[in-house]
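Undergrad: how does the following fold in three dimensions:
(one chain, ligands or ions: 2)
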Amino acid sequence: MCHSHTDAALTLPAGAAKILQILQAAGHEAYVVGGCVRDALLGRTPGDWDITTSAAPQEVKALFRRTIDTGIQHGTITVRMMGESYEVTTYRVDGIYEDGRHPKEVTFTRSLSEDLRRRDFTINAMAYCPGEGLVDCFGGIQDLKDGILRAVGVPSERFAEDALRILRAVRFSAQLDFTIEPVTLAAIRDFAPSLTKISAERIRVELDKLLCSGHPEHFLTLYQTGITDIIFPEFNRMMEMPQNNPWHSYNVGIHTIEVMKAVPADRVLRWSALLHDTGKLETRSTDEKGTDHFYGHAKESAAFADRFLKKLRFDNHTIDQVVLLVRWHDSWFDGSARVTRRVMNRVGAENFMDLLAIARADAMAKSAYAKEQLLPKYDEVEKRYHEIKDAGECTSLKDLSISGRDLIAAGMKPGPEIGETLQYLLTLVLEDPALNTRETLLPRAEQFRRSRPQ
Ligand code: ATP
Ligand code: MG
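TA: Ligands and ions are numbered 1, 2, ... in the order given. The predicted structure is shown next:
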């Protein structure tokens with residue numbers, strides 16, 4: 001048993017305190033452990049409170065009325081207490097991770113310090129219980145104070161056991177804005193190639209947490225340690241792609257990170273920022289004056305985003321949202337209501353403010369010249385957007401004052417012409433909302449029909 005105890009007092013949820021009490025009263029050891037202790041010490045609200053105990057799984061089950069065998073082969077029982085669920089796991093030592101992913105077997109132990117030793121980082125390897133205080137065998141408190149992420153034990157051994165820890169390290173550094181300790185960092189670099197053993201889903205979960213964190217700029221660590229070589233090689237090429245034109249002052253990779261920093265910590269916005277310029281890899285041209293252009297890059301970026309997110313097994317809704325924002329991220333605006341309505345029509349009014357968030361962040365990550373040109377214009381566009389909404393102006397087919405049924409009632413044959421006619425009427429109304437009345441649109445529909453070759 002390590003002797004590093006501190007009598008800090010943490011406030012536990014009543015259910016967790018009760019479970020510790022019941023286990024201890026039956027003669028077992030029991031502590032809250034891991035991420036919740038870390039977060040509570042940092043003054044953050046823990047997502048869930050995990051409990052570690054010397055009691056064997058059957059002993060745990062015998063003590064509580066409502067339990068679920070969540071991962072009983074790994075010693076984990078879910079206990080329901082006071083309306084909440086808690087995972088109670090028996091002290092264990094993990095066996096060999098033969099495939100770098102799953103411990104082949106776990107061995108239960110009666111020693112807390114053995115259980116803490118198998119955990120990934122010092123700040124995640126602390127336990128607490130009200131009577132005894134904090135148990136910190138590996139200097140977790142000091143590392144929390146210093147803002148350092150450090151593997152427990154020999155870093156290279158820990159990453160060899162489980163390659164996912166490589167990504168967890170960078171993810172925690174981004175969530176907490178911590179510095180990765182040099183020996184741990186060197187081991188990350190050495191073991192980055194072993195990430196090929198980790199499934200796309202688990203990579204997605206970690207990348208998602210990194211992107212949605214308070215410090216997405218730690219994404220650069222993925223590049224610096226060779227992790228992007230394995231999971232996102234295109235990003236390496238973005239880091240090597242200059243943008244020699246008046247709009248930009250960074251290469252494509254650094255610009256991308258700056259855009260991620262500038263959008264709110266929303267999942268769709270952060271992934272859109274990450275992928276918005278990937279199409280620049282396929283579209284760069286340099287004119288005779290030496291200026292770089294990236295004509296049509298948004299369309300290429302959208303195609304890449306679609307493939308990339310599918311490979312990471314994202315849900316369809318997220319993919320659709322990101323692809324849409326990426327596709328139209330560089331929409332041109334002049335501050336007029338006409339152009340604003342057209343873009344609202346293209347992306348859907350409900351997505352327009354997200355598009356504007358990306359456009360603004362994109363501008364903020366460009367040159368001083370670009371910011372001066374673009375940001376005041378986006379302020380105008382936002383005003384137009386609210387005016388259009390407040391006036392209830394039409395920005396989509398469903399807002400037109402006539403429908404396909406009206407056209408058929410007026411004598412048009414059902415068929416593709418109906419849709420084409422409505423689309424034509426919509427372009428008129430996007431130009432001039434005053435035209436959106438039945439009296440105006442029905443004659444226009446008739447004119448359109450007659451102007452078409454029969
Ligand atoms: P989060 O805020 O993401 O939940 P967490 O630290 O609680 O962070 P979990 O994945 O919930 O992370 O795991 C709970 C605890 O289990 C960790 O704090 C750590 O002690 C241990 N742990 C989790 N995954 C690993 C791993 N791959 N290797 C070693 N220990 C791990
Ligand atoms: Mg957790």
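Undergrad: would you map the strands across this structure?
TA: 5-6, 30-33, 50-53, 67-71, 76-81, 84-90, 92-94, 106-108, 126-129, 133-136, 148-149, 179-180, 285-286, 292-293 (DSSP state E).
Undergrad: output the contacting helices and strands for the fifth one.
TA: It refers to strand 76-81. helix 14-25, helix 57-63, strand 67-71, strand 84-90 (3 or more Cβ pairs under 8 Å, 6 or more residues apart in numbering; DSSP states H and E). The way it works is simple: take the backbone N, C-alpha and C, and place the C-beta from them, glycine included.
Undergrad: one step back: want to try a markdown table for the strands of the chain, with distance to residue 352 and mean pLDDT as columns?
TA: Converted to a markdown table, those look like this (distance: least, Cβ to Cβ, whole Å; pLDDT from 0 to 100):
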| stretch | distance to residue 352 | mean pLDDT |
| --- | --- | --- |
| strand 5-6 | 52 | 76 |
| strand 30-33 | 45 | 98 |
| strand 50-53 | 42 | 98 |
| strand 67-71 | 43 | 94 |
| strand 76-81 | 43 | 97 |
| strand 84-90 | 40 | 97 |
| strand 92-94 | 50 | 89 |
| strand 106-108 | 51 | 89 |
| strand 126-129 | 46 | 97 |
| strand 133-136 | 50 | 96 |
| strand 148-149 | 39 | 98 |
| strand 179-180 | 39 | 98 |
| strand 285-286 | 31 | 90 |
| strand 292-293 | 27 | 88 |
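Undergrad: and these as JSON lines, adding mean neighbour count?
TA: JSON lines is the format used below for these (neighbours: other Cβ atoms under 10 Å):
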{"stretch": "strand 5-6", "mean neighbour count": "13"}
{"stretch": "strand 30-33", "mean neighbour count": "26"}
{"stretch": "strand 50-53", "mean neighbour count": "24"}
{"stretch": "strand 67-71", "mean neighbour count": "14"}
{"stretch": "strand 76-81", "mean neighbour count": "20"}
{"stretch": "strand 84-90", "mean neighbour count": "20"}
{"stretch": "strand 92-94", "mean neighbour count": "17"}
{"stretch": "strand 106-108", "mean neighbour count": "16"}
{"stretch": "strand 126-129", "mean neighbour count": "26"}
{"stretch": "strand 133-136", "mean neighbour count": "21"}
{"stretch": "strand 148-149", "mean neighbour count": "22"}
{"stretch": "strand 179-180", "mean neighbour count": "20"}
{"stretch": "strand 285-286", "mean neighbour count": "10"}
{"stretch": "strand 292-293", "mean neighbour count": "16"}
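Undergrad: can you lay out the helices and strands packed on strand 76-81 as JSON lines showing distance to ligand 1?
TA: Output for these, formatted as JSON lines (distance: least, Cβ to the nearest ligand atom, whole Å):
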{"stretch": "helix 14-25", "distance to ligand 1": "14"}
{"stretch": "helix 57-63", "distance to ligand 1": "17"}
{"stretch": "strand 67-71", "distance to ligand 1": "12"}
{"stretch": "strand 84-90", "distance to ligand 1": "9"}
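Undergrad: would a markdown table of these with distance to residue 251 be doable?
TA: Listed next are these as a markdown table, based on distance: least, Cβ to Cβ, whole Å:
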| stretch | distance to residue 251 |
| --- | --- |
| helix 14-25 | 48 |
| helix 57-63 | 53 |
| strand 67-71 | 45 |
| strand 84-90 | 44 |
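Undergrad: got the domain boundaries for the protein?
TA: The chain breaks down by automatic domain parsing into domains covering 3-146, 149-231, 239-390, 397-451.
Undergrad: tell me how far the first one lies from the chain's centre.
TA: It refers to domain 3-146. Taking Cα atoms, centre = their mean, to the nearest Å, one finds domain 3-146 lying 27 Å from the centre of the chain it belongs to.
Undergrad: same check, this time on the second one
TA: Averaging C-alpha coordinates over domain 149-231 and over its chain gives two centres that are 15 Å apart (Cα atoms, centre = their mean).
Undergrad: distance across it, terminal residue to terminal residue?
TA: One end of domain 149-231 sits 22 Å from the other (Cα to Cα, to the nearest Å).
Undergrad: so does it get close to ligand 1?
TA: Yes. Using Cβ under 6 Å from any ligand atom, we find that domain 149-231 touches ligand 1 at 162, 164-165.
Undergrad: narrow the residues you listed to those in helices?
TA: 164-165 (DSSP state H).
Undergrad: and of the residues of domain 149-231 next to ligand 1, the nearest to residue 347?
TA: residue 164 (36.3 Å; Cβ to Cβ).
Undergrad: list the residues that contact the nearest residue to residue 28 once chain neighbours are set aside.
TA: Among residues not flanking residue 28 along the chain, residue 55 sits closest, at 4.0 Å (Cβ to Cβ, 6 or more residues apart in numbering). By Cβ atoms under 8 Å, 6 or more residues apart in numbering, the residues touching residue 55 are 23, 26, 28, 30, 63, 90.
Undergrad: is it possible to export the residues you listed to JSON lines including distance to residue 154?
TA: As requested, those are exported to JSON lines (distance: Cβ to Cβ, whole Å):
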{"residue": "23", "distance to residue 154": "32"}
{"residue": "26", "distance to residue 154": "37"}
{"residue": "28", "distance to residue 154": "31"}
{"residue": "30", "distance to residue 154": "29"}
{"residue": "63", "distance to residue 154": "37"}
{"residue": "90", "distance to residue 154": "25"}
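Undergrad: max-length helix in the protein?
TA: helix 368-390.
Undergrad: residues contacting it, please?
TA: 246-249, 333-337, 340-341, 344, 349, 352-353, 356, 359-360, 363-364, 366, 395.
Undergrad: any weak-confidence spans in the stretch 201-350 of the chain?
TA: Counting by pLDDT under 70, the stretch 201-350 of the chain has no low-confidence residues at all.
Undergrad: can you name the residue of the stretch 201-350 of the chain nearest ligand 1?
TA: Of all residues in the stretch 201-350 of the chain, the one sitting closest to ligand 1 is residue 209 (6.4 Å; Cβ to the nearest ligand atom).
Undergrad: what number of residues lie near that residue?
TA: Other residues lying near residue 209 total 16 when counted by other Cβ atoms under 10 Å.
Undergrad: skipping adjacent residues, who's closest to it in space?
TA: residue 171 (4.9 Å).
Undergrad: list the contacts of the one you found.
TA: By Cβ under 8 Å, 6+ apart, the neighbours of residue 171 are 206-207, 209-210, 213.
Undergrad: how far away is residue 334 from residue 53?
TA: In this view, residue 334 and residue 53 are 66 Å apart by Cβ to Cβ, to the nearest Å.
Undergrad: likewise for residue 268?
TA: 40 Å.
Undergrad: and what of residue 151?
TA: For residue 151, the distance to residue 53 - Cβ to Cβ - is 25 Å.
Undergrad: mind checking how far residue 399 is from ligand 1?
TA: 43 Å (Cβ to the nearest ligand atom, to the nearest Å).
Undergrad: count the neighbours of that residue for me.
TA: For residue 399, using other Cβ under 10 Å, the count is 15.
Undergrad: contacting residues around residue 407?
TA: 418, 421-422, 445.
Undergrad: that one and ligand 1: what is the separation?
TA: In terms of Cβ to the nearest ligand atom, residue 407 sits 55 Å off from ligand 1.
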